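Participant: Need a 3D model of the sequence below.
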Amino acid sequence: MVDGDEAGVAIGGGPAGLGAVDQGDGVLLIPDLGSSVLSALTLLADFANDPDAPRLVLADAPFVEGAVAAAVAAGGGLDLGAVSVAAEEARDVRKL
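Facilitator: The predicted model follows:
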């Protein structure tokens, strides 16, 4: 995430920020680097008992391929669990 002029990982907005992207089934987190995995895990822990937080799912998926697969699955109307599976299955897609 880029925040102003600084690149890096930022956890901001809290449940309200995540709620802005939640369209009812929850939010899929697809981290790109090790530090973003730690930030995502922190986010999951921080919001675990927050009744106002949207449902969060952390996908162990390749960032670009997983995001594309997740977008296609979500656009097709699949639920959050199926979208997460689609993102994670992108790891196994052969190119040749």
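
Participant: Spatially central residue for this protein, please.
Facilitator: Compute the mean C-alpha point of the chain, and by Cα atoms, centre = their mean the closest residue is Leu29, 1.2 Å away.

Participant: what's the spacing between that one and Leu41?
Facilitator: 9 Å (Cβ to Cβ, to the nearest Å). C-beta coordinates here come from the backbone N, C-alpha and C atoms, glycine included.

Participant: Was I right to think the residue nearest to the centre of the chain contacts Val57?
Facilitator: Yes: using Cβ atoms under 8 Å, Leu29 is in contact with Val57, at 6.8 Å.

Participant: circling back to that earlier point, spit out the residues that contact Leu29 and Leu41 alike.
Facilitator: Common contacts of Leu29 and Leu41 (Cβ atoms under 8 Å, 6 or more residues apart in numbering): Leu58.

Participant: What's opposite the residue nearest to the centre of the chain in the beta bridge?
Facilitator: Leu58 (DSSP bridges).

Participant: I'd like the distance between it and Leu96.
Facilitator: In terms of Cβ to Cβ, Leu29 sits 30 Å off from Leu96.
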